[in-house]
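A.B. asks: What follows is a protein structure lacking sequence information:
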């Protein structure tokens, strides 16, 4: 007697493919949502970054001759600001090269 | 035919990405995952942050996709759908995507510095300064060209401006919900999308009719105000709503093109020199490069790639999908535009009483298109027809047309006010030499409002008095000139730093430089004199910009040839 393959075996690869497709679709939609949020938040972050730049300049400005809080206040805050100072240095290095960054952020095309 | 071309497009892009793209990755760029990217090496949690490839692809694509890849192919249909499609595919795969990829990877190997910085380092300091001038001119011409697009669109389909105004109100409400009320993000998004749908529906029943010049005046004040107010009030929530509109439009468009099974009614080829720019016979070479900009190549992308994307690349092997792949995706968007106009454009124009046939297409297309469905309106109308020809026809055609119109208008409007923000910055940089000797003049000119008004005023004035078929190619010249400089910089990087085979970069770079130079010469000598006669102020303004850019172009190539074989430290 001829044996027919089990129907579930035939369905299995199809189901597997559908599940995979569904996972891809879910990932794509959640990825899309994430990008939207990130992109929108990026614009606000940019403005916040500008404020941070001013803030760090106020705090550490006395080191470069800008009238700022008394040196002892700045010196006391210094250990807490090591990460900020690293970022500040990096930004100072990039401060003459912001055209491309602004173009990327502002969606012109 | 529509379906065949979509499938063919997908196959062409996929095969060439896997072959040509991979060749670039291994032989030219020599991507190496053992080299740490700036995102990892210089990680600071703020600017330098590694992002997963799909996320970064989404960011990069959202930054490079705009209204330009939609409008260019509509104009290029004057040559017929084969030449339009050929330039989109050829330019995209062999020049535009190479340009984007090299700019991104050069920046990655330069600690995330911009292509402008790389050009200053590898060629001369002067090149970096040229970038500011070129970008400033480009921004003025962008305002002019996109202002003209919006003016035509608002007059042609009065439902779009009213839907757009409602969308601005929706964006303001969304801004309040997110930042003042601090509502849950998902809930705010759902409310935002409902408000967006409501804006489209209200727009369709309450159209606002006004003259083109009235819209130009409104646009002038809008871009000055929108570029001066804090980003979280309008720009950010509006862009968030825009991105939903973009994906919705893209998905619906791709489904419609795939299932419409519609024949092409536009001719495959009309003539080598149909009437396109300024009522003149426009030769395919070199002028095509000025007409289809962003769909095949765009100089702006080199700045985007080397600005934010390069600081977030997790590993070098991701660069191909992001730099090269995102540009191919944008080319696919232009392919959809060609397909929709080729399939449905002719009937639309005939229904509006235009005397156009496939036989007289070369001489009548541009005029008929500008009279019936000008610029982007041709895309939105054919797109709506394409959707109606599929099982998606349960969505009313008018609503689809407004959605497509909103999609293009949102991009163009975003471009206008963000352009003005950037214009303010580049203008201040250009004025810097004044600071030492004429501080008063410098302070006056770089004042926030004055620096905003200058590019907006020149741009809107050009849109007001100019002819669109003059303004669009002028925008193309500036954009492609930046692309040419960026691609030459990319090839200098390949030759000097990578010490690898630079022919994949150098041949397209020289080809682009020669094409752009010939196009500017042709445009200035053949087209602009007629424009100067018709409207002296606009014609002369554009001519002056073109001549300055041409001189810069020669200065640049001389610098490039002089320095290209110099050893670098």
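C.D. replies: Yep, that arrived. Treat the numbers as computed from the prediction; the structure is a model and nothing was measured.
A.B. asks: got the residues of the stretch 51-200 of chain B near chain A?
C.D. replies: Proximity of the stretch 51-200 of chain B to chain A is confined to B:54-55, B:58-59, B:62-69, B:107, B:112-117, B:131-132, B:135, B:139, B:142, B:185 under the rule CB under 8 Å from any CB of the partner chain. C-beta coordinates here come from the backbone N, C-alpha and C atoms, glycine included.
A.B. asks: Show me which residues of chain A are close to chain B?
C.D. replies: Residues of chain A lying near chain B (CB under 8 Å from any CB): A:27, A:31-32, A:34-47, A:49, A:83, A:86-87, A:90-91, A:94, A:97-109.
A.B. asks: Could you report the neighbour count for residue B:210?
C.D. replies: 13 (other CB atoms under 10 Å in any protein chain shown).
A.B. asks: Thought residue B:165 was touching it, still the case?
C.D. replies: No: between residue B:210 and residue B:165 there is no contact under CB atoms under 8 Å: 11.4 Å.
A.B. asks: Using the three-state scheme, assign residue B:279.
C.D. replies: coil (DSSP: H, G, I helix; E, B strand; the rest coil).
A.B. asks: For whatever residue of the stretch 151-300 of chain B ends up closest to chain A, give me its contacts.
C.D. replies: In the stretch 151-300 of chain B, the residue that lies nearest chain A is residue B:240 (4.0 Å; CB to the nearest CB). The contact partners of residue B:240, by CB atoms under 8 Å, 6 or more residues apart in numbering or on different chains, come to A:36-37, A:39-40, B:171, B:174, B:189, B:192.
A.B. asks: how about these, which pair is most distant?
C.D. replies: For the contacts of residue B:240, the maximum inter-member distance is 15.4 Å, found between A:37 and B:171 (CB to CB).
A.B. asks: before we move on, the earlier item: would you turn the contacts of residue B:240 into CSV with secondary structure and neighbour count?
C.D. replies: As requested, those are arranged in CSV below (DSSP: H, G, I helix; E, B strand; the rest coil; neighbours: other CB atoms under 10 Å in any protein chain shown):
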residue, secondary structure, neighbour count
A:36, helix, 21
A:37, helix, 15
A:39, helix, 21
A:40, helix, 25
B:171, helix, 24
B:174, helix, 26
B:189, helix, 21
B:192, helix, 23
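A.B. asks: can you redo these as JSON lines with distance to residue B:450?
C.D. replies: Shown next, in JSON lines, are the contacts of residue B:240 (distance: CB to CB, whole Å):
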{"residue": "A:36", "distance to residue B:450": "35"}
{"residue": "A:37", "distance to residue B:450": "36"}
{"residue": "A:39", "distance to residue B:450": "31"}
{"residue": "A:40", "distance to residue B:450": "30"}
{"residue": "B:171", "distance to residue B:450": "28"}
{"residue": "B:174", "distance to residue B:450": "32"}
{"residue": "B:189", "distance to residue B:450": "38"}
{"residue": "B:192", "distance to residue B:450": "35"}
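A.B. asks: Quickly name whichever of those residues is closest to residue B:512.
C.D. replies: Of all the contacts of residue B:240, residue A:39 has the smallest distance to residue B:512: 29.9 Å, by CB to CB.
A.B. asks: who touches the closest one in this structure?
C.D. replies: Residue A:39 sits next to B:58-59, B:62, B:239-240, B:243 when contact means CB under 8 Å, 6+ apart.
A.B. asks: Over to residue B:264?
C.D. replies: Counting by CB under 8 Å, 6+ apart, residue B:264 touches B:1-2, B:81, B:342-343.
A.B. asks: Just give the nearest non-adjacent residue to residue B:179, would you?
C.D. replies: Nearest residue to residue B:179, sequence neighbours excluded (CB to CB, 6 or more residues apart in numbering or on different chains): residue B:232, at 5.6 Å.
A.B. asks: Residue B:250 too?
C.D. replies: In space, and not counting its chain neighbours, residue B:250 is closest to residue B:333: 7.0 Å by CB to CB, 6+ apart.
A.B. asks: what's the pLDDT at the one you found?
C.D. replies: Residue B:333 is assigned a pLDDT of 87 by the prediction.
A.B. asks: Verify the stated contact: it with residue B:251.
C.D. replies: No: contact between residue B:333 and residue B:251 fails when scored by CB under 8 Å: they sit 11.9 Å apart.
A.B. asks: Which of the two has more residues huddled nearby?
C.D. replies: Between residue B:333 and residue B:251, counted using other CB under 10 Å, the more crowded position is residue B:333 (22 against 11).
A.B. asks: show me what contacts that one?
C.D. replies: Contacts for residue B:333 (CB under 8 Å, 6+ apart) come out as B:65, B:69-70, B:250, B:295.
A.B. asks: What helix or strand is it located in?
C.D. replies: helix B:326-351 (DSSP states H and E).
A.B. asks: after that helix comes which helix or strand?
C.D. replies: Next helix or strand after helix B:326-351 toward the C-terminus (DSSP H and E): helix B:361-372.
A.B. asks: Thank you, goodbye.
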